[in-house]
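Asks: Sequence and predicted structure below; questions after.
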Amino acid sequence: MLDRCLKNRFTLCRFRAGLAEPFLDGFAAALTAQGYSSSICRRCVCAAAHLGEWAARQEVAIAELDEAVLARFVRHLRRCRCRGWHRGYKRVRYRIPRFLRYLREIGIVASPASGPTQSALATEYGAWMRDQRGLAASTIFHALRVVGALLGALGDDAAGLDAMGVRKFVLEYVRQHAPASAGCVTTAVRCFLRYLAVRGRCSTDLVDAVPKVPTWRLAKLPRYLPDDDVERIIAACDRKSPTPLRDRAMLLLLARLGLRGADVVGLRLGDIEWKQGRVRVAGKARRETRLPLPQEVGDAILKYLETERSDAATDRVFLTASTPLRPITASGLRDVVGRAFERAGVRTPSRGTHILRHSLASRLLREGATLDAIGVVLRHRDVNTTALYAKVDVGLLRQIAQPWPGTEVSPC
């Protein structure tokens with residue numbers, strides 16, 4: 001692999017004699033697998049070789065490399081007079097951390113010490129949620145974040161928890177976060193206290209100390225976009241964009257199938273059943289569902305796979321646009337959707353991916369679909385969740401709304 005990056009045999013021989021030589025071939029192969037171009041691989045390998053030569057003169061072993069040693073090397077670059085290494089120090093400083101990460105991945109260099117460790121009680125509770133309840137990793141992560149804050153504020157001893165402390169923690173924690181997350185916080189604390197109570201580690205009455213957050217189901221109108229705006233957003237992907245085919249395919253999955261953002265970023269190559277014209281989706285609670293794949297959506301995904309998607313060591317369908325190539329994340333998908341809104345010039349009540357899901361449900365309802373049919377498409381377990389879309393036709397609601405008895409009120 002090193003022979004492909006370096007054509008000059010004298011430079012190649014010098015690299016072979018350096019301290020970093022045993023790892024340069026693997027480093028070059030790892031960069032290539034991540035999607036880096038041959039020129040970037042060559043520059044990164046040269047930076048790693050320079051680091052190896054300098055470390056040898058400083059009598060620093062490869063296994064002793066860390067951020068402090070790299071900082072010393074960067075300071076050396078400013079006054080470097082090493083043969084063949086007197087230029088481009090500003091760029092080298094951004095390439096050598098990749099070599100350090102590679103050495104840590106293969107176990108040559110020890111990983112840095114992590115932050116505060118999770119308490120034993122939180123670890124035990126997380127394992128119980130995973131093994132006994134079968135919760136998704138994201139659900140466990142958010143729950144443990146609240147539980148960790150609770151134990152950090154009140155102590156790791158479950159027997160020392162008291163009603164006043166629990167109530168004070170919840171009120172202060174909710175005050176520091178978004179109001180919409182208050183219900184999730186109280187639910188996480190209440191479930192954790194029930195877990196402790198069942199195992200006899202705290203009083204059963206402690207659950208009642210968690211304050212209740214008032215919620216009103218179906219109290220809000222769903223946010224959605226008109227059909228014309230949705231089409232403008234999808235068409236905006238044809239304009240200047242680094243990855244227009246990928247962006248269009250993801251937006252079509254959101255707008256035509258009503259997938260959640262997590263469904264799109266988690267989609268794998270094996271989930272698309274081309275012969276049957278279906279796509280397998282693993283939604284909440286890891287429930288698998290097969291949805292029909294419309295021709296427009298299938299063509300968009302196929303065009304992206306054949307034209308734009310690079311080869312990478314992952315079976316995820318949608319990858320990042322820049323190297324190193326990796327599966328796109330939920331935040332990356334939100335950025336794609338937000339940029340599509342801006343390019344289309346559409347003002348939206350919400351910039352998240354869920355608004356396209358709401359827009360699909362609203363369109364199906366206006367076209368005469370029943371709530372049960374919409375619930376099947378959106379994969380709702382509770383019909384009350386789908387009932388939210390019964391209020392999207394505000395004009396019809398104005399016609400059937402009755403005035404308050406004994407008073408005259410203006411239309412809604």
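Replies: In hand now; what should we look at?
Asks: Check the burial of the residue lying closest to Gly26 once chain neighbours are set aside by counting its neighbours.
Replies: Take Gly26 and drop its neighbours on the chain: the residue closest to it by C-beta to C-beta, 6 or more residues apart in numbering is Ile106, 6.8 Å away. For every residue, glycine as well, the C-beta is placed using N, CA and C. By other C-beta atoms under 10 Å, 11 other residues sit near Ile106.
Asks: same deal with Trp274?
Replies: With other C-beta under 10 Å as criterion, Trp274 counts 11.
Asks: Go ahead and confirm it touches Gly298.
Replies: Yes. Assessed by C-beta atoms under 8 Å, Trp274 is found in contact with Gly298 at 7.4 Å.
Asks: In the helix of greatest length in the chain, which residues are buried?
Replies: Among the segments of the chain that qualify as a helix by DSSP state H, the longest is helix 38-57. Buried residues in helix 38-57, counted by 16 or more other C-beta atoms under 10 Å: 40-55.
Asks: Pretty sure Leu356 sits in a strand.
Replies: No. Leu356 is assigned helix when assessed by DSSP: H, G, I helix; E, B strand; the rest coil, not a strand.
Asks: which residues does it contact?
Replies: If a contact means C-beta atoms under 8 Å, 6 or more residues apart in numbering, then Leu356 has 225, 230, 233, 251, 254-255, 258, 337 as its contacts.
Asks: quick one: low-confidence ranges for the stretch 51-200 of the chain?
Replies: 83-90, 113-117 (pLDDT under 70).
Asks: which element follows the longest helix of the chain toward the C-terminus?
Replies: helix 67-78 (DSSP states H and E).
Asks: Buried residues, that following helix. List them.
Replies: 69-70, 73, 76-77.
Asks: quick one, that helix and helix 38-57 angle?
Replies: 100 degrees (axes from the mean of the first three to the mean of the last three C-alpha atoms, to 10 degrees).
Asks: packing partners for helix 67-78?
Replies: helix 38-57, helix 89-105 (3 or more C-beta pairs under 8 Å, 6 or more residues apart in numbering; DSSP states H and E).
Asks: Which among the ones you listed is found nearest to Pro214?
Replies: helix 89-105 (48.0 Å; C-beta to C-beta).
Asks: Give me the contact list for the closest one.
Replies: 20, 23, 26-27, 30-31, 43-44, 47-48, 50-51, 62, 65-67, 70, 73-74, 77-78, 80, 109-111.
Asks: so how far is the first residue of stretch 194-210 from its last?
Replies: 11 Å (C-alpha to C-alpha, to the nearest Å).
Asks: Work out the gap between that stretch and the centre of the chain.
Replies: Centroid separation for stretch 194-210 versus its chain: 33 Å, with C-alpha atoms, centre = their mean, to the nearest Å.
Asks: Any chance you could list what contacts that stretch?
Replies: With C-beta under 8 Å, 6+ apart as the criterion, stretch 194-210 contacts 125, 128, 158-159, 161-164, 166-167, 170, 186, 189-190, 193.
Asks: let's see 10 Å
Replies: 121, 124-125, 128-129, 132-133, 147, 157-170, 185-193 (C-beta atoms under 10 Å, 6 or more residues apart in numbering).
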